[in-house]
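A.B. asks: Predicted model, plus sequence, below.
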Amino acid sequence: MEASQPVIHHHPSKLPCPGPELNAPLQEWDKTAFSPPPQILPFVAIICGSGLGGLADLLENSVAFPYKDIPRFPQSTVPGHAGNLVFGELQGKACVCMQGRFHYYEGYSIAMVTYPVRVSTLLGVETLIVTNAAGGLNPKFNVGDIMLIRDHINMPGLFPCMSDAYDADLGRLAREVAEEQGCSSFLQQGVYCNVGGPAFETVAESKILLSLLADAVGMSTVPEVIVARHHGLRVFGLSLITNLLDSEELERNDEGRKGEYCSCVEGMMGRIHCKQNDLLV
Ligand SMILES: O=P(O)(O)O[C@@H]1C[C@H](O)[C@@H](CO)O1
């Protein structure tokens with residue numbers, strides 16, 4: 001018997017209904033119990049990775065909602081994830097920043113980990129910027145490098161098709177912005193591998209991931225990207241390399257180039273336009 005071929009889908013909005021994990025009940029989102037500031041209609045959502053929440057402090061005219069005050073929102077339990085949904089403007093562009101994300105290893109289901117992405121689609125968001133702290137596997141990487149995520153590895157697998165998950169135009173824009181800001185020498189590009197955590201990889205595990213052609217490894221981001229693509233959002237991702245996994249001695253530097261990472265996202269915001277205005281990069 002002939003083996004059946006996988007079906008490749010390229011139009012997220014036309015995808016059939018995925019499994020129950022991706023289909024988390026949005027009726028849990030109670031619009032009447034939470035009112036975003038009416039003057040800020042975000043078209044970009046930014047998820048801040050571990051220790052990267054300082055980006056939200058750069059927002060102008062900002063209004064912050066602690067997650068604990070938002071009905072049914074999960075709570076941050078990891079250090080470096082403040083737990084605020086911050087609305088405001090970056091470079092004059094309306095956005096919403098998740099100052100803190102949720103991880104599978106915290107005990108949340110994938111549906112809850114990705115719940116804020118679904119909520120952001122209800123708020124009118126068109127583009128999702130995901131950021132994270134990650135361990136470098138590629139021997140050419142250094143601590144403090146910023147890696148533009150061009151693809152990911154997600155072994156458990158989830159529908160829909162992810163062959164073009166990371167937006168090529170936004171990637172080009174990031175390289176232009178990095179060039180203008182003098183950051184090109186430490187802007188890398190690569191494949192992010194999602195693992196369950198919370199322990200970092202053993203040397204043996206790192207070698208396996210490297211042999212799979214992963215460039216960096218972390219414990220987040222991919223479920224958010226999958227749900228965002230299922231909703232038809234454009235996605236752009238950055239990893240800040242906080243440690244290297246090439247030796248038994250783990251050296252970690254969480255400060256790295258946080259300033260440059262913030263400037264890069266800020267520079268991009270200045271040049272991303274709202275689709276409704278038909279001015280896409
Ligand atoms: O939210 P991200 O992916 O940045 O968090 C990473 C993974 C772990 O939670 C933590 C490890 O230090 O940072």
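C.D. replies: Arrived safely.
A.B. asks: in the stretch 151-281 of the chain, what residue is nearest the ligand?
C.D. replies: The minimum distance from the stretch 151-281 of the chain to the ligand, using CB to the nearest ligand atom, falls at Ser220 (3.3 Å). For glycine as for every other residue, the C-beta is placed from the backbone atoms N, C-alpha and C.
A.B. asks: nope, the chain is what I was after
C.D. replies: Closest contact between the chain and the ligand, by CB to the nearest ligand atom, is at Gly49 (2.8 Å).
A.B. asks: Is it correct that that residue is in contact with Asn132?
C.D. replies: Yes: applying CB atoms under 8 Å as the test, Gly49 and Asn132 come out as touching, 3.6 Å apart.
A.B. asks: So for those two, which residues contact both of them?
C.D. replies: Gly218, Ser220, Thr221, Ser239, Leu240 (CB atoms under 8 Å, 6 or more residues apart in numbering).
A.B. asks: Could you look up the SS state of the fourth one?
C.D. replies: What that stands for is Ser239. Put simply, Ser239 is strand when judged by DSSP: H, G, I helix; E, B strand; the rest coil.
A.B. asks: Could you list everything it pairs with in the sheet?
C.D. replies: Asn132, Met147 (DSSP bridges).
A.B. asks: for the chain, what are the low-confidence residue spans?
C.D. replies: 1-33, 157-159, 248-249, 276-281 (pLDDT under 70).
A.B. asks: could you pull out the helices for it?
C.D. replies: Along the chain, counting by DSSP state H, helices occupy 110-113, 115-122, 168-180, 203-211, 222-230, 258-271.
A.B. asks: any idea which of the ones you listed is most buried?
C.D. replies: Stretch with highest mean neighbour count among the helices of the chain: helix 222-230 (a mean of 26; mean count of other CB atoms under 10 Å).
A.B. asks: Check which helices and strands it is in contact with.
C.D. replies: helix 110-113, helix 115-122, strand 127-136, strand 187-194, strand 234-244 (3 or more CB pairs under 8 Å, 6 or more residues apart in numbering; DSSP states H and E).
A.B. asks: how about these, which one is nearest Arg257?
C.D. replies: Ranking the helices and strands packed on helix 222-230 by their distance to Arg257 (criterion: CB to CB) puts strand 234-244 first, at 6.9 Å.
A.B. asks: and the closest one with helix 115-122, angle?
C.D. replies: Here strand 234-244 points in a direction 150 degrees away from that of helix 115-122 (axes from the mean of the first three to the mean of the last three CA atoms, to 10 degrees).
A.B. asks: Off-centre distance for strand 234-244?
C.D. replies: For strand 234-244, the distance from its own C-alpha centre to the chain's C-alpha centre is 8 Å (CA atoms, centre = their mean, to the nearest Å).
A.B. asks: does any part of it sit near the ligand?
C.D. replies: No: counting by CB under 6 Å from any ligand atom, no contacts exist between strand 234-244 and the ligand, the nearest distance being 6.9 Å.
A.B. asks: Contact residues of the stretch 101-250 of the chain facing the ligand?
C.D. replies: Proximity of the stretch 101-250 of the chain to the ligand is confined to Arg101, His103, Asn132, Ala133, Gly197, Gly218, Met219, Ser220 under the rule CB under 6 Å from any ligand atom.
A.B. asks: In those residues, find the pair that's most separated.
C.D. replies: Spatially, the most separated pair among these is Arg101 and Gly197, at 12.7 Å (CB to CB).
A.B. asks: If you count surrounding residues, which of those two has more?
C.D. replies: Neighbours were counted for Arg101 and for Gly197 using other CB atoms under 10 Å; Arg101 has more, 27 against 16.
A.B. asks: Quick one: residues contacting the more buried one.
C.D. replies: By CB under 8 Å, 6+ apart, the residues touching Arg101 are Ile47, Cys48, Gly49, Ser76, His81, Val113, Pro116, Ser220, Glu224.
A.B. asks: same thing but 10 Å
C.D. replies: Arg101 is in contact with 47-50, 52-53, 74, 76, 78, 81, 83, 113-114, 116-117, 130-132, 220-221, 224, counting by CB atoms under 10 Å, 6 or more residues apart in numbering.
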